[in-house]
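Predicted model and sequence follow; I will ask about them next.
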Amino acid sequence: MNHESNEERPLQRLLALDTSTSSLAVAVMENGKLLAEKNIHAERNHSAYLVSAIGDVLTAAGVAKAELDGIAVGVGPGSYTGARIAVTTAKTLAWALRLPVFGVSSLEAIALGGWARSAGQDAAAIGAALSPSAEAAKSGAVRQSRSAGDWIVPLVDARRGQAYTALFAAEAGRMPERLEPDGIRLMASWTEQLAGLLDSLAPEERPSGVWFVGETALHEPAVEMLRPILGEVLHLIPYELEGIWAGLAGARRALLRGGDDMHALEPNYTQLAEAEAKRLRER
């Protein structure tokens, strides 16, 4: 039995789920370790698979719902419908089981997974490094210093030359740290902004690698505008979110502070849905 103090003991068992992209990702974590996960490419059909996927993962992990200590959910940004499905399911489970619920940036999980898989990072080592004392000082805030081993830029296509994106700094064996907030950005402007950030750094401060991960195919021309600056350290990595990385992002979030207000938790839409924007224009 673990006799660590409550301040230092990570959340024991956490169910994590994310349906904000074409990937349905579910995982059960225990103290930063993966017990079981399920990943399904289920674009536009998350509602048909999510509940059964949760049951399958709990069974594979040997964990009953009553043995969970919390639920982490990807709140986007990404698909409006997908994010709503995961958030609604997580809130329903949390209410029924009287558990805390933790909203997690889906872009953080995509950044972590895409970079870790491509750069050969070990999930177990990253999970083992998680602790309340290590994470409390960060508290999810945007880091001021931009010097880093690697930069990670997650991409989820938002159509019309736009992407849901952010910027993270990454070092081996650690969770990424946020450099720029989640948002929807025109890719042409975003790559110009990143070029400006890179130019502002001394050569020895520049990242050793810049990784664009996620839905990269449609945005490759814009990303390649950075090639003259970065050369071979620029990487474009197609990636679909996996449960283990959503689970690690959820485990980190659970360490930082108490759960979210169950009734106030909403998806991070970052902009109005097209139908809502059209109604406002008509008014």
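On my side now, so go ahead. Values in this document were obtained by computation on a predicted structure and should not be read as measured data.

before we move on, could you check phi and psi at Ala72?
When quoted as degrees, to the nearest 10, the phi and psi of Ala72 stand at phi -110, psi 140.

Please list all residues in contact with Gly74.
Neighbouring residues of Gly74 by Cβ atoms under 8 Å, 6 or more residues apart in numbering: 16-20, 25, 83, 86, 104-106, 109, 241, 246, 249. In short, each C-beta sits where N, CA and C put it, glycine included.

let's go with 10 Å and repeat that
Gly74 is in contact with 16-21, 25, 82-83, 86-87, 90, 103-110, 241, 246, 249-250, 267-268, counting by Cβ atoms under 10 Å, 6 or more residues apart in numbering.

Where does pLDDT dip in the stretch 1-150 of the chain?
Within the stretch 1-150 of the chain, the segments meeting pLDDT under 70 span 1-11, 133-148.

again, 80 this time
1-11, 42-44, 131-148 (pLDDT under 80).

before we move on, back to that, which ones among the contacts of Gly74 are found in helices?
82-83, 86-87, 90, 106-110, 246, 249-250 (DSSP state H).

host element of Arg227?
Using DSSP states H and E, Arg227 sits within helix 227-230.

Just after that helix, pick out the following helix or strand.
Following helix 227-230 in sequence, per DSSP H and E, is strand 234-238.

What strands flank that next one, and is each parallel or antiparallel?
Strand 234-238 has its sheet partners listed here by DSSP bridges as strand 209-214 (parallel).

What residues of the helix or strand following the strand it pairs with count as buried?
Once the chain leaves strand 209-214, the next helix or strand it forms, by DSSP H and E, is helix 220-223. Neighbour counts over helix 220-223 (16 or more other Cβ atoms under 10 Å) mark 222-223 as buried.

Helix 220-223 - contacts with which helices or strands?
Contact here means 3 or more Cβ pairs under 10 Å, 6 or more residues apart in numbering; DSSP states H and E; on that basis helix 220-223 packs against strand 150-159, helix 187-199, strand 209-214, strand 234-238.

any idea of the mean pLDDT in the helix holding Arg227?
For helix 227-230, mean pLDDT rounds to 95.

Any idea how far that helix is from the middle of the chain?
How far helix 227-230 lies from its chain's middle: 27 Å, per Cα atoms, centre = their mean, to the nearest Å.

next one: stretch 239-258
Counting by Cα atoms, centre = their mean, stretch 239-258 is centred 7 Å from the centre of its parent chain.

Return the set of buried residues in it.
239-255.

ok so, going back, tell me the buried residues in the helix holding Arg227?
Leu230.

same check, this time on stretch 75-95
For stretch 75-95, by 16+ other Cβ under 10 Å, it's 75-80, 82-87, 89-91, 93-94.

ok so, going back, make TSV from the helices and strands packed on helix 220-223 and add distance to Arg174 to it.
Output for the helices and strands packed on helix 220-223, formatted as TSV (distance: least, Cβ to Cβ, whole Å):
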stretch	distance to Arg174
strand 150-159	11
helix 187-199	21
strand 209-214	15
strand 234-238	19
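
quick one on the thing from earlier: so which of the ones in helices among the contacts of Gly74 comes closest to Val57?
Ala246 (11.5 Å; Cβ to Cβ).

what about stretch 175-191, how long is it end to end?
24 Å (Cα to Cα, to the nearest Å).

Stretch 119-126 too?
13 Å.

about what we covered before: only C-alpha atoms, please: export the helix holding Arg227 in PDB.
Output in PDB follows, covering the C-alpha atoms of helix 227-230 (Å, rounded to 0.1, in the frame of the first residue of the first chain):
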ATOM      1  CA  ARG A 227      12.400  25.300 -43.800                       C
ATOM      2  CA  PRO A 228      14.900  28.000 -44.800                       C
ATOM      3  CA  ILE A 229      15.200  28.900 -41.100                       C
ATOM      4  CA  LEU A 230      15.200  25.400 -39.600                       C
END
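
How about Ala124: what's its closest non-neighbour residue?
Lys33 (6.7 Å; Cβ to Cβ, 6 or more residues apart in numbering).
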